[in-house]
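Peer 1: give me a 3D structure for the following:
(2 chains)
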Amino acid sequence: MASVKLPSARSKGLAHCHTCHMLNQLPEGDHHGHCSRCSAPVHYRSHNSIERSWALVIASLIVFVPANTLPIMTVNYFGVGTADTILSGIVTLINLDMAPVALIVFIASFLVPLSKILGLIILLVTVNRHSRVQPVQRTTLYRIVEFLGKWSMLDVFVVGIMGAVVNLGYITSIEPGRGAAAFAIMVILTMFAAHAFDPRLIWDLKNNE
Amino acid sequence: MGDLLETETREQMDLRHLIACSDCDLLLERKVLAEGERASCPRCHNTLDERKVDTCNRTLAVAMAGLISFIPAITQPLLGLKAVGLTNQASLIECITSIYNSHIYLVAILVTLFCLLVPLIRLLIVCYLMILVKRGKKSRFGLRLFRYFHEWEEWGMLEVFMLGMVVALYKILGLASAIYGIGLISFAFLLLSATLVTQFLDEQYVWEKLSGQR
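Peer 2: Next up, the predicted model:
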């Protein structure tokens, strides 16, 4: 099986449309065009996939700092406000004996975004180094990163809901902070970074064998 | 002239007998699938194609159910809080205005987009397209709408918002007693409908119908 050369669509001059899965014949010399069925842009491989993905990963790492240091919300209790970042919010939850919720928040707002960025870095480095190691596992890793994408928005939504619900005037109220905006930007950047990465690059060396 | 046309259609026909894996670009022969069958990539196990049973009627039914539950889901109170004789409840719209009033405009805009506009527009698009497909109409405009439907999929975040409400509920229960609003149930129904839409929708079938290839 290993000795059989498996054809890629690209080697036959065909480009797969990621929107409608139609195969397109691109004019000779062109690397991108539009799908003949749904007119979405098609390419043999996404244009500058690695560079764009790297840029977005680095940008999201930069935004990771304000997202975790700026207060995500402020709790006012009889006129006294305490600002909470994501991590201090988790500590507060543990102190309130709400460990299961603390775990969900910790996974969704800290572990997931960080491992998403890490997973993308692994993919980018291996493709940059023309690695042939474990293409199936790396494709699975890509799918996981892509699937996890939106779940990191959890904390942003929680803060929004809490801000609206917990509002008893002077007694107690919660106000979303600027950290929530920074956090949302970070999540969106990682989603775009995963989008920019073209998983077909993982397989290109295998295809050329 | 006749020859040229014929070769072009033959080429187009040949292309339709092939399929490439979207994740590893392996070129494969397209197999005609029976209803309920699924084809996956032999190399990276990605799903290539799936024929779903009675896709139009089922998708239309759940999409309409979703649209019906949409109105109470965004206007009725989702969660509330009761403490020292005071109560306060909030609907999705009130959540958005409350974030807006805290001057975190970006978050207000994103919640509006991801939890309200994108899911609503996607449900409207799918209803319209199912009606087009049921009538057997070819439509360029329909193809463009379906493209948007597909491209916006990951920006609809109803399920994340639902989990957010569960987490918020737990946090509220730690502070005071909580009120469950009618909006919460409607929102759960909306989420269920939107999930079933993706479950029942046979994308390949819709693409082929709208472009007149079937």
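Peer 1: gap between residue B:118 and residue B:199?
Peer 2: 18 Å (Cβ to Cβ, to the nearest Å). (Glycine included, C-beta is placed from N, CA and C.)
Peer 1: okay, the two: which has more neighbours?
Peer 2: A direct count of neighbours by other Cβ atoms under 10 Å in any protein chain shown for residue B:118 and residue B:199 places residue B:118 higher, at 19 against 11.
Peer 1: who's in contact with that one?
Peer 2: B:152, B:155, B:156, B:157 (Cβ atoms under 8 Å, 6 or more residues apart in numbering or on different chains).
Peer 1: same question for residue B:147.
Peer 2: Contacts were defined as Cβ under 8 Å, 6+ apart; by that measure residue B:147 touches A:19, A:20, A:38, A:39, A:40.
Peer 1: among those residues, who's most crowded?
Peer 2: Most crowded among the contacts of residue B:147, counting by other Cβ under 10 Å, is residue A:20 at 24 neighbours.
Peer 1: helix/strand/coil for that residue?
Peer 2: Judged by DSSP: H, G, I helix; E, B strand; the rest coil, the three-state class of residue A:20 is coil.
Peer 1: does it really touch residue A:34, like I thought?
Peer 2: No. The pair residue A:20 and residue A:34 fails to qualify as a contact (Cβ atoms under 8 Å) at a distance of 11.6 Å.
Peer 1: do you know the pLDDT at residue A:35?
Peer 2: pLDDT, residue A:35: 89.
Peer 1: how close does the nearest residue to it once chain neighbours are set aside get to residue B:43?
Peer 2: Among residues not flanking residue A:35 along the chain, residue A:17 sits closest, at 4.0 Å (Cβ to Cβ, 6 or more residues apart in numbering or on different chains). From residue A:17 across to residue B:43, the span is 20 Å (Cβ to Cβ).
Peer 1: try residue B:89
Peer 2: If you go by Cβ to Cβ, the gap between residue B:89 and residue B:43 works out to 53 Å.
Peer 1: again with residue A:189
Peer 2: 31 Å.
Peer 1: tell me which of these two has more neighbours.
Peer 2: residue A:189 (22 against 18).
Peer 1: my read: that one touches residue A:56, true?
Peer 2: Yes. Assessed by Cβ under 8 Å, residue A:189 is found in contact with residue A:56 at 5.4 Å.
Peer 1: how about the helices in chain A?
Peer 2: Along chain A, counting by DSSP state H, helices occupy A:49-69, A:86-95, A:99-106, A:112-128, A:135-148, A:154-165, A:178-196, A:200-208.
Peer 1: got the domain ranges for chain A?
Peer 2: Using automatic domain parsing, the domain ranges for chain A come out as A:1-44, A:49-208.
Peer 1: repeat for chain B
Peer 2: Taking automatic domain parsing as the reference, chain B has its domains at B:1-51, B:54-210.
Peer 1: fine by me, thanks again.
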